[in-house]
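*Asks:* my questions are about this predicted structure, shown below with the sequence.
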Amino acid sequence: MPRTKGKNNSRHPGRPPLSPVTNELKLSFPSLSVNEGFARAALGAFLAQLDPTPTELVDLKCALSEAVTNCIVHAYSDGIGTVKLSVSLRADRTVIIEVRDLGRGIPDVAQAREPLYTTDAAGERSGMGFTVMESFSDKLSVVSKPGHGTTVKMIKRLSERKKL
Amino acid sequence: MIKSNCTLTFEKNPPDSITVSVSGEIDHHAAVSLRRDTDAVLWDYAPKKLTIDMSGIEFMDSSGLGFIMGRYDVMRKLGGVLFIRDPSPCVEKMLKLTGFDRRVTVIKNSKERQSV
Ligand SMILES: Nc1ncnc2c1ncn2[C@@H]1O[C@H](COP(=O)(O)OP(=O)(O)O)[C@@H](O)[C@H]1O
Ligand SMILES: [Mg+2]
């Protein structure tokens, strides 16, 4: 259910109030690699209501693919766990994508976000996942606690579409 | 094995080259079997030149970069070279964004050039 009703941006006083949430999607699925494509397809279907440009759509799908893959490959490297995805849309066409796992966590987030940094070279990871997520969103935040899990949040405001 | 939305075809170009054409979507799920199938051919045939045709890629995330760099390493072990041919717009964007276009040799418009 939409929660924020254009309330004041209490965490950042002085900034304009956040635009209200108009729609929300929540999904949870096991960390099976086949669900990478499923998550992208679900995002595409949900975002269709905003009529994003093809570039915006592919960029967001790619960023999501990175976040979900990291849960599958890194967070739950020794088994299967649950991946939680939430997508919220705000009235001002801001898309907020959150991907959460309860896996191994990241000891040093700043280091993990460096281009080419990977702990899984043998698995042919390129170390560019966070770089991609950062480039394809307006803002990326990564909160992690070793042994408890990681939450990745990507925010992107879509361009205005011309009304026909 | 669960089906992935990615297909792979091989073409042997005697005496010592191989062209691999990948099409569809390259994500981590697809990359696992792409890697296995490509390496089986590479180790068997030991080419001096590997060309990966990426004109048919509709989606690629950083798992595709891992796949490219992995094959680069295999070709180096075989004493050969790797070329990326005709990257589709999404592949090109990814190569550029990550600076990988400076780490591998990219050949563009190969078909146009052949017909000239
Ligand atoms: N959800 C996660 N849980 C645990 N570790 C993670 C997670 N996401 C990323 N990491 C760590 O951050 C590193 C960098 O991630 P990324 O930029 O996506 O590169 P890559 O996935 O290619 O290694 C990973 O190698 C891993 O050590
Ligand atoms: Mg990654």
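*Replies:* The structure has been received and is ready for your questions. Ligands and ions are numbered 1, 2, ... in the order given.

*Asks:* do you know the pLDDT at B:Ser110?
*Replies:* B:Ser110 carries a pLDDT score of 82 in this model.

*Asks:* before we move on, what about A:Ala121?
*Replies:* Per-residue pLDDT puts A:Ala121 at 82.

*Asks:* state the distance from the residue lying closest to it once chain neighbours are set aside to ligand 1.
*Replies:* Spatial nearest neighbour of A:Ala121, excluding adjacent residues (CB to CB, 6 or more residues apart in numbering or on different chains): A:Gly127 at 8.0 Å. From N, CA and C alone the C-beta is placed, and that goes for glycine too. Going from A:Gly127 to ligand 1 by CB to the nearest ligand atom, to the nearest Å gives 4 Å.

*Asks:* point me to the residue of chain B nearest ligand 2.
*Replies:* Taking CB to the ion as the measure, chain B has B:Ser62 as its residue closest to ligand 2, at 5.9 Å.

*Asks:* I'd say that residue and A:Met128 touch.
*Replies:* Yes: using CB atoms under 8 Å, B:Ser62 is in contact with A:Met128, at 4.3 Å.

*Asks:* what residues does chain B have near ligand 1?
*Replies:* B:Ser62 (CB under 6 Å from any ligand atom).

*Asks:* point out where chain B drops to low pLDDT.
*Replies:* Applying pLDDT under 70 to chain B picks out residues B:1-3, B:112-116.

*Asks:* do that again at 80, thanks
*Replies:* B:1-4, B:111-116 (pLDDT under 80).

*Asks:* what is the neighbour count of residue 44?
*Replies:* You didn't pick a chain, so chain A it is. Around A:Gly44 sit 15 other residues, with neighbours defined as other CB atoms under 10 Å in any protein chain shown.

*Asks:* if you could check chain B rather than the one you did, that'd help
*Replies:* 8.

*Asks:* A:Thr82 now?
*Replies:* Neighbours of A:Thr82 (other CB under 10 Å): 15.

*Asks:* beta-bridge partners for it, please?
*Replies:* Taking DSSP bridges as the rule, A:Thr82 bridges to A:Pro30.

*Asks:* residues contacting it?
*Replies:* In this structure, A:Thr82 makes contact with A:28-31, A:101-102, judged by CB atoms under 8 Å, 6 or more residues apart in numbering or on different chains.

*Asks:* tell me which parts of chain A are close to chain B?
*Replies:* Applying CB under 8 Å from any CB of the partner chain, one finds that chain A approaches chain B through A:33-34, A:36-37, A:40, A:58, A:61-62, A:65-66, A:69, A:72-73, A:115, A:123-126, A:128-129, A:131-132, A:135.

*Asks:* and B:Phe83, which helix or strand is it part of?
*Replies:* Element membership for B:Phe83 (DSSP states H and E) is strand B:81-85.

*Asks:* what packs against that strand?
*Replies:* On a contact count with 3 or more CB pairs under 8 Å, 6 or more residues apart in numbering or on different chains; DSSP states H and E, strand B:81-85 meets strand B:49-60, helix B:62-77, strand B:105-107.
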